[in-house]
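# all I have is the shape, not the residue letters:
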Ligand SMILES: O=C(O)CCC(=O)C(=O)O
Ligand SMILES: [Fe+2]
């Protein structure tokens, strides 16, 4: 696993500020991706299994891990959180929102637990040919962190086709703008969970963002989602 603290955080902050997302290449090796993907079939690791079609969330299946999280996932969640908390605090300040995120994930989770958001949210998703994920936000209660991360665990072009990540941004008094990204296997994509600050003529305003996955045209696509807040 790439050392998260060695990343060029200044560049990532700039990308998050400019576009609401940032792409970090090669955080996980192919071997690490394969190991994570294998967890999909270990049924005792999960608190719930969601058939996306049943809820009209799209087509595919995902599983929320239960606590304790597998050590590799716990470590990713903790180490990526801290540098993001710094930027999260800048965003709250720009938007005049009276929230300060603690620098350690452990303390942030205590805050979730204090308001009965107790259920872990990291998840693995699996889409077969024809699978997709409708545009959505992953907010599970009043306490939420403004960023989340997805790792694509399968190799595009070899193991699957299609299945791009789609990010939309709601421009006030207009329609939404969409961006399509296709991280390579093992890359991390950090993106906004709820809204990002955009500078307008009278200070910063909130631009709501949503994410989804376009249709997988062939093969199987796995992804690992790291959401930092827990769920009600
Ligand atoms: O499958 C993906 O790449 C996106 C998954 C997702 O919606 C998430 O991690 O929150
Ligand atoms: Fe999501």
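That came in fine, so what should we check first? Worth saying up front: this structure is predicted, and the values here are computed from it rather than measured. Numbering: from 1, shown residues only. Ligands and ions are numbered 1, 2, ... in the order given.
# relative to residue 196, how far out is the closest residue to ligand 1 within the chain?
Distance from ligand 1 to each residue of the chain (CB to the nearest ligand atom) is smallest for residue 225, at 2.4 Å. To be clear about C-beta, it is placed using only N, CA and C from the backbone, and glycine gets the same treatment. Distance of residue 225 to residue 196, given as CB to CB, to the nearest Å: 19 Å.
# do residue 128 as well
32 Å.
# and the two? Which one has more around it.
With neighbours defined as other CB atoms under 10 Å, residue 128 and residue 196 compare such that residue 196 has more, 25 against 14.
# roughly how far does the nearest residue to that one once chain neighbours are set aside sit from residue 48?
Leaving aside its chain neighbours, residue 196 sits nearest to residue 20 (4.2 Å; criterion: CB to CB, 6 or more residues apart in numbering). To residue 48, residue 20 is 29 Å away according to CB to CB.
# which of those two has more neighbours?
More neighbours surround residue 20 than the other of residue 20 and residue 48, with 24 against 11 (other CB under 10 Å).
# isn't the more buried one right next to residue 207, touching?
Yes - using CB atoms under 8 Å, residue 20 is in contact with residue 207, at 7.3 Å.
# shared neighbours of these two, anything?
Residues touching both residue 20 and residue 207 (CB atoms under 8 Å, 6 or more residues apart in numbering) are 169, 196.
# and the helix ranked longest in the chain, what's buried?
As assigned by DSSP state H, the longest helix anywhere in the chain is helix 71-94. Across helix 71-94, burial judged by 16 or more other CB atoms under 10 Å covers 73-74, 76-78, 80-85, 87-89, 91-92, 94.
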